[in-house]
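J.: okay, sequence plus prediction incoming.
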Amino acid sequence: MQPDLLDRAQTAHALQQFRRRSPLVHCMTNDVVQTFTANVLLALGASPAMVIEPEEAQQFSAIADALLINVGTLTRERADAMRAAIDSARAADTPWTLDPVAVGALTFRTQFCQQLLTLQPAAIRGNASEILALAGMSAGGRGVDTTDTASTALPAAQTLARQTGAIVAVTGEVDYITDGERTLMVTGGDALMTRVVGTGCALSAVVAASCALEGNRLVNVATACAFMARAGSLAVTKSTGPGSFVAEFLDALYALNGEGLQ
Amino acid sequence: MQPDLLDRAQTAHALQQFRRRSPLVHCMTNDVVQTFTANVLLALGASPAMVIEPEEAQQFSAIADALLINVGTLTRERADAMRAAIDSARAADTPWTLDPVAVGALTFRTQFCQQLLTLQPAAIRGNASEILALAGMSAGGRGVDTTDTASTALPAAQTLARQTGAIVAVTGEVDYITDGERTLMVTGGDALMTRVVGTGCALSAVVAASCALEGNRLVNVATACAFMARAGSLAVTKSTGPGSFVAEFLDALYALNGEGLQ
Amino acid sequence: MQPDLLDRAQTAHALQQFRRRSPLVHCMTNDVVQTFTANVLLALGASPAMVIEPEEAQQFSAIADALLINVGTLTRERADAMRAAIDSARAADTPWTLDPVAVGALTFRTQFCQQLLTLQPAAIRGNASEILALAGMSAGGRGVDTTDTASTALPAAQTLARQTGAIVAVTGEVDYITDGERTLMVTGGDALMTRVVGTGCALSAVVAASCALEGNRLVNVATACAFMARAGSLAVTKSTGPGSFVAEFLDALYALNGEGLQ
């Protein structure tokens, strides 16, 4: 079954909806990418909030439009707070998204993420190594970097989607987004993005936000990937390296309009 | 009683004093804005230090010129460390400033902030929803964003100032700074600043630093707001979005001189 | 004994080796500088990973090529995780580097760093006040800033190197790198770098990475200082303040080539 290219009109529509809805995203993410994640969501018109104390996280997940769980700098305390937030999100029908950073290579987070798979995530976003490891098909990458290409992990992504009910996005040079049956493909971005910390983690936050939108979730998650890929491609043409890229990327996300998308 | 516009000569004088004194600011702030907060203080010539272990926080507050308490990503451990730091600051006559991020919407931090109000903060800086909630006059905003305008919250700010003895700054499109009797008004800045995480939190750090200066505290806190508003207005004219804004804003703070202020 | 200037060919060779090896650096660093540290390592072609949960930190240090311990925002939990990571690194022959941020001024971190000195660090990088305090020759600086010049601390650095077996880099306007016998000197950089948070902390991460390279460790650590000094000098000429400096600095590190070094 061939992946479909994302339709341009769908992406433009999702962007309009994203800006109008301005999803309030409860981000429980790692210590390294908090600022960039918040700025990416703000540039796109969403509203990020990082709330981590267990009681507060539980309270806030029920208020928020979406919840992001990113295990990059997981601790036992943070894991407890995440579980509380997920329980509360599920009770409130708030969609939650998993970014299984470096899963496979490290035991504690691997076990934690495996447990979370039973809690009906709306979406899962990872690189090829992470998706393969999460599906139990490999031992994971080298640290946070992938050692596989996204297409290699597509069967694992499809299996994972069918097992969990989540939309699974396996991202890299090309992004594949699947519900286990249908698969969408998003191109764009640039290798320079791998030299900037947090581009993948921020994408997961946008995926989380997109799960709060109405309409087809597979398409919505794919459009989140398309926003980031398009802004990345634009920013690279204006950058002289990874430092200038960050500013250009946020400006491009802010300026994004339906016309410019794919 | 009409708010007064801040006097230009006063602001220029405060900036000179700020740079000469180079206040050492003990920042106990949230995980999302640490880098930006430090860079804002450094650009203005102050000296930030983030110390969070309870014993060390207690020790450091007595050495520092000012203490900032920002509850954005509060945890129980952090709350204990903050209380220890405040006790030590008060014993050493170090002024401390409260940024009640998202107070009202979340129970744990609301109770914590209410307790802190009895501990003689030198200043309190928040958006309209936060100041209204802290004064017990509303249930707070939607996450970290305000749903009210600063002028709506001015009566609450004045009440809070009289109750606590603090200078209260309620900031937004226009900033109001009050001691409960006299109120100063600062204009400037731009809506783009709401698309960059941490501009409000960094302002609170500058407010904290300004409390270490000699002279009238109401005026000093208002000048802190004026520094940020002026640098924001300048930076927006040179920016193409929230990404380029960050660099331009820090450069503008660094280049700020008395002439350019209001 | 006069310090030697670093040889240009050696630096160019180290940079090539650095990029080819792409060291996986386990960074246990402070909350304020995580993003910048990761972006500096990525710009230079290294691979950063921040892993902090005690079990995971222990597991990851054995996988990584190098370990960085930075005590800037030390807590008791973090100290335990750091000790576990160091033990694991030593068992796996992974070199580890200490950045004793603000040591001397604060008791808890001073005792912790003193204990770590017995655990055979491969390198230690600090400013003059920190190196003097670590060697027991002064009470430390004012917060995180140095109140001494690097040359003042050179005897302390040499003593510390002989006592611990580590390469000690005491950095400032001029950097001195010593094994206790031979001392190398690196010039470059700019005072503007002291107005940007994390330049010293990021240098320590590059020093940590350089300890994973083959060849003479004294020279490798000195070349790490040279990369940063050279990129700093280049970036300052293109910057209008500390905000634009950050982007220019990362771009300069990314573009660095052997020709441009010293």
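T.: Looks like it came in fine.

J.: is it true that A:A62 touches A:D87?
T.: No. The pair A:A62 and A:D87 does not pass the contact test of Cβ atoms under 8 Å, sitting 9.9 Å apart. C-beta: built from backbone N, CA, C; applies to glycine.

J.: those two - which one has more neighbours?
T.: Summary of the neighbour comparison: A:A62 and A:D87, criterion other Cβ atoms under 10 Å in any protein chain shown, with A:A62 having more neighbours (17 against 14).

J.: and the closest residue to that one other than its chain neighbours, what are its phi and psi?
T.: Closest residue in space to A:A62, ignoring its immediate chain neighbours: A:A92 at 4.1 Å, by Cβ to Cβ, 6 or more residues apart in numbering or on different chains. Reported as degrees, to the nearest 10, the phi and psi values for A:A92 are phi -100, psi 10.

J.: could you count how many residues lie near A:A92?
T.: The number of residues packed around A:A92, counting by other Cβ under 10 Å, is 12.

J.: ok, now A:T237?
T.: If we define neighbours as other Cβ under 10 Å, then A:T237 has 9 of them.

J.: tell me the secondary structure of it, please.
T.: helix (DSSP: H, G, I helix; E, B strand; the rest coil).

J.: from chain B, how far out is it?
T.: Distance, A:T237 to chain B, by Cβ to the nearest Cβ, to the nearest Å: 14 Å.

J.: over to A:V25?
T.: Distance check for A:V25 against chain B: by Cβ to the nearest Cβ, it reads 9 Å.

J.: cool, and A:L160?
T.: Here the distance between A:L160 and chain B works out to 30 Å (Cβ to the nearest Cβ).

J.: for the strand or helix carrying that residue, which outside residues touch it?
T.: In this assignment (DSSP states H and E), A:L160 forms part of helix A:154-164. Counting contacts by Cβ atoms under 8 Å, 6 or more residues apart in numbering or on different chains, the residues outside helix A:154-164 that touch it are A:3, A:117-118, A:120-121, A:124, A:131-132, A:134-135, A:137, A:166-170, A:176, A:178-181, A:183.

J.: out of those, which are buried?
T.: Restricting the contacts of helix A:154-164 to buried positions leaves A:3, A:117, A:121, A:124, A:131-132, A:134-135, A:137, A:166-170, A:176, A:178-180, A:183, with burial counted as 16 or more other Cβ atoms under 10 Å in any protein chain shown.

J.: could you list the contact residues of the stretch 101-250 of chain A toward chain C?
T.: Residues of the stretch 101-250 of chain A lying close to chain C (Cβ under 8 Å from any Cβ of the partner chain) are A:102, A:105-109, A:142-145, A:194-198, A:239-244, A:246-247.

J.: now with 7 Å, please.
T.: Contacts of the stretch 101-250 of chain A with chain C, taken as Cβ under 7 Å from any Cβ of the partner chain, map to A:102, A:105-109, A:142-145, A:195-197, A:240-244, A:246-247.

J.: give me the subset of those residues touching chain B.
T.: Restricting those to those touching chain B (Cβ under 7 Å from any Cβ) yields A:246-247.

J.: out of the residues of the stretch 101-250 of chain A next to chain C, which are inside helices?
T.: Taking DSSP state H as the definition of helices, those contribute A:107-109, A:242-244, A:246-247.

J.: now list the buried members of these.
T.: Neighbour counting over those (16+ other Cβ under 10 Å) leaves A:108-109, A:242-244, A:246-247 as the buried ones.

J.: can you verify my assumption that the residue nearest to A:A62 contacts A:I63?
T.: No. With contacts counted by Cβ atoms under 7 Å, A:A92 stays clear of A:I63, the gap being 8.2 Å.

J.: find the closest residue to chain B in the stretch 101-250 of chain A.
T.: Using Cβ to the nearest Cβ, the point where the stretch 101-250 of chain A gets nearest to chain B is A:L250, with a distance of 2.9 Å.

J.: give me the secondary structure label for that residue.
T.: Assigned state for A:L250: helix (three-state reduction, three-state DSSP).

J.: isn't it up against B:G243?
T.: Yes. Checked against Cβ under 7 Å, the pair A:L250 and B:G243 is within contact range at 2.9 Å.

J.: circling back: tell me the predicted confidence for the residue of the stretch 101-250 of chain A closest to chain B.
T.: Among the per-residue scores, A:L250 holds a pLDDT of 98.

J.: what about it, distance to A:L41?
T.: Computed as Cβ to Cβ, to the nearest Å, the A:L250 to A:L41 distance reads 11 Å.

J.: do A:G232 as well
T.: Where A:L41 is concerned, A:G232 sits at a distance of 16 Å (Cβ to Cβ).

J.: mind checking which of these two has more residues around it?
T.: Set side by side, A:G232 and A:L41 give different neighbour counts by other Cβ under 10 Å, the larger being at A:L41 (27 against 23).

J.: just give the closest residue to A:D31, not the sequence neighbours.
T.: For A:D31, the nearest residue in space outside its immediate sequence neighbours is A:T73; the separation is 4.5 Å by Cβ to Cβ, 6+ apart.

J.: which SS class is the one you found?
T.: Reduced to three states with three-state DSSP, the structure at A:T73 is coil.

J.: residues from chain A in reach of chain B?
T.: Within reach of chain B by Cβ under 7 Å from any Cβ, chain A has these residues: A:24, A:31, A:34-35, A:38-39, A:42-43, A:47, A:49-53, A:55-56, A:59-60, A:63, A:246-251, A:254-255.

J.: need the contact list for the residue nearest to A:D31.
T.: With contacts defined as Cβ atoms under 7 Å, 6 or more residues apart in numbering or on different chains, A:T73 is in contact with A:30-32, C:50, C:52.

J.: returning to that earlier point: pull the most distant pair out of the buried ones among the ones in helices among the residues of the stretch 101-250 of chain A next to chain C.
T.: Using Cβ to Cβ, the pair of these lying farthest apart is A:F108 and A:S244, separated by 36.9 Å.

J.: show me the shaky parts of the stretch 101-250 of chain A.
T.: Of all residues in the stretch 101-250 of chain A, those with pLDDT under 70 make up the ranges A:139-147.

J.: quick revisit: out of the contacts of A:T73, which is nearest to C:V207?
T.: Minimum distance to C:V207 across the contacts of A:T73 is 16.9 Å, recorded for C:M50 (Cβ to Cβ).

J.: per-residue pLDDT, that closest one?
T.: You'll see C:M50 listed with a pLDDT of 97.

J.: check A:H13 too.
T.: 88.

J.: how many residues are close by it?
T.: Under the neighbour criterion other Cβ under 10 Å, A:H13 is assigned a count of 18.

J.: number of residues surrounding the nearest residue to A:V206 once chain neighbours are set aside?
T.: Distances taken as Cβ to Cβ, 6+ apart put A:A224 closest to A:V206, at 4.3 Å, once the chain neighbours are dropped. Other residues lying near A:A224 total 33 when counted by other Cβ under 10 Å.
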